[in-house]
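> 3D, please:
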Amino acid sequence: MNHCGTRQLETDRLILRKFIKEDAAAMYKNWASDDEVTKYLTWPSHPNQKVSQSVIEDWINSYSSQSYYQWAIVPKDNKDAPIGSISVVHMVENASIMHVGYCIGKAWWHKGITSEALKAVMDFLFDDVGAKRIEARHDPRNPNSGKVMKKCGMRYEGTLYHSDRNNQGICDACNYALEKSDRRKKDL
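A predicted model of the protein is given here:
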């Protein structure tokens, strides 16, 4: 793959950019402190803004790696306040596989924002980084996350039972993927 680090991406409604220290208050308020938002995630709700600040500082330090991809999801109509995050959470370098995860504040659910962000990230990973396959998964009790994956052209590949852990404990994982070759067929 041709790693180039987290670059700013733009869609019709969004700017996907690197996190900055000043994003801690918005992260805490808009999504990281909400138990409903983190219900099916692998990290717990942040008990205070200091935790959000610490997480962001770790992300900022990681931006020095060209193989690190972590974006703040920022609506163009409110350029200063991120409403969620999207990132490559795992990769298999020698097979050009990248696994993507995302999280967005409850106030922005069911508005197509997460799908718009995921589509932009997938295009970047395929076109600029050279990924051959992009994967994502969700807990079956969170079907809306799967709808985001389907909307972006990902194909359901099956459910692995008792194969993951999130804030609900041991859980099943519904797996989705899109291969670069399949994406080209859909674009024709």
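
> quick one: buried residues of the host helix or strand of residue 120?
For residue 120, the host element (DSSP states H and E) is helix 113-124. For helix 113-124, burial by neighbour count (16 or more other CB atoms under 10 Å) applies to 113, 114, 115, 116, 117, 118, 119, 120, 121, 122, 124. Heads up, the C-betas are built off the backbone N, CA and C, glycines and all.

> what does stretch 95-106 give?
96, 97, 98, 99, 100, 101, 102, 103, 104, 105.

> element containing the fourth one, please.
Assigned by DSSP H and E, residue 99 falls within strand 97-104.

> residues contacting that strand, please?
With CB atoms under 8 Å, 6 or more residues apart in numbering as the test, strand 97-104 has contacts from 31, 37-38, 41, 69, 73, 83-91, 113-114, 117-118, 121-122, 125, 129, 131-137, 148.

> counting neighbours, which of these end up buried?
31, 37-38, 41, 69, 73, 83-89, 91, 113-114, 117-118, 121-122, 125, 129, 131, 133-137, 148.

> so which residues of the protein form strands?
9-10, 14-17, 70-75, 84-92, 97-104, 133-138, 155-166, 169-179 (DSSP state E).

> turn those into CSV, including distance to residue 45.
Formatted as CSV, the strands of the chain follow (distance: least, CB to CB, whole Å):
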stretch, distance to residue 45
strand 9-10, 27
strand 14-17, 23
strand 70-75, 18
strand 84-92, 14
strand 97-104, 11
strand 133-138, 18
strand 155-166, 12
strand 169-179, 16
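
> pipe these into a markdown table and attach distance to residue 64 and mean pLDDT per row.
Formatted as a markdown table, these follow (distance: least, CB to CB, whole Å; pLDDT from 0 to 100):
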| stretch | distance to residue 64 | mean pLDDT |
| --- | --- | --- |
| strand 9-10 | 19 | 98 |
| strand 14-17 | 16 | 98 |
| strand 70-75 | 12 | 98 |
| strand 84-92 | 16 | 98 |
| strand 97-104 | 19 | 98 |
| strand 133-138 | 24 | 98 |
| strand 155-166 | 29 | 97 |
| strand 169-179 | 29 | 98 |
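
> which one of those lies closest to residue 25?
Of all the strands of the chain, strand 70-75 sits nearest to residue 25, with 12.7 Å by CB to CB.

> could you dump that closest one to CSV, C-alpha only?
Taking Å, rounded to 0.1, in the frame of the first residue of the first chain, the C-alpha atoms of strand 70-75 are listed here in CSV:
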residue,chain,number,x,y,z
GLN,A,70,-8.1,8.8,12.1
TRP,A,71,-10.5,11.6,11.1
ALA,A,72,-12.8,14.0,12.9
ILE,A,73,-16.2,14.2,11.2
VAL,A,74,-17.0,17.9,11.0
PRO,A,75,-20.2,19.3,9.3
